[in-house]
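Engineer: next come a sequence and a model predicted from it.
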Amino acid sequence: MVKKLLHAERGSTSILIVIMMVVLMVLGLAIMTTALSNRRLSDKKIDWKTDYYALESKANQTISQIMAEIDLINQRQQSRTDGFAKIEALLNKTASSYQMPDFESAERPRLNMTITSQTGTKNLAIQLLIVGDDQADALKLEILEYRQWQ
């Protein structure tokens, strides 16, 4: 009798079906977790790119306005003092922080500015070099550093 019960295969299919269902559920949960984490990552990447390009746009507008002021100085349509005062007013309005160069020093003047996103979570730091130390020289603007951080 005991021998018959041990060799009886009745009900083994049910056990195999239950084990298969558990395996499929675990596999389904793993796939769903992976899909959700990929979705979160792609949303973060979209947010990062949106913030970056908004910052870059604002920085490019600021740089083009600075270059326009430098062109006015070079064309002698305004004095260097007035032009740099306008550049400082522009930076005061657009940049979250800036450092105007000391044009009197022996070093080449570097203009540092930081532009912050609207959310305040991301920053774009730019370092510009103003070339043309002598009053008679035409001024040029060179971008030395352009970096983004969170």
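Structural biologist: Arrived safely, thanks for sending. Numbering: from 1, shown residues only.

Engineer: contacting residues for the residue nearest the centre of the chain?
Structural biologist: The residue lying closest to the centre of the chain (Cα atoms, centre = their mean) is Tyr52, at 3.7 Å. Residues near Tyr52 by Cβ atoms under 8 Å, 6 or more residues apart in numbering: Lys122, Leu124, Gln148. In this view, the C-beta of every residue, glycine as well, is placed from N, C-alpha and C.

Engineer: would you check that the first one makes contact with Gln148?
Structural biologist: Yes - counting by Cβ atoms under 8 Å, Lys122 sits close enough to Gln148 to count as a contact (6.8 Å).

Engineer: quick check: neighbours shared by these two?
Structural biologist: In contact with both Lys122 and Gln148: Tyr52, Leu55, using Cβ under 8 Å, 6+ apart.

Engineer: ok so, going back, so how far is Arg147 from the residue nearest to the centre of the chain?
Structural biologist: Distance, Tyr52 to Arg147, by Cβ to Cβ, to the nearest Å: 11 Å.

Engineer: what is in contact with those two at once?
Structural biologist: Leu124.

Engineer: of the contacts of Tyr52, closest to Tyr98?
Structural biologist: Distance to Tyr98 across the contacts of Tyr52 (Cβ to Cβ) is lowest for Leu124, with 12.3 Å.
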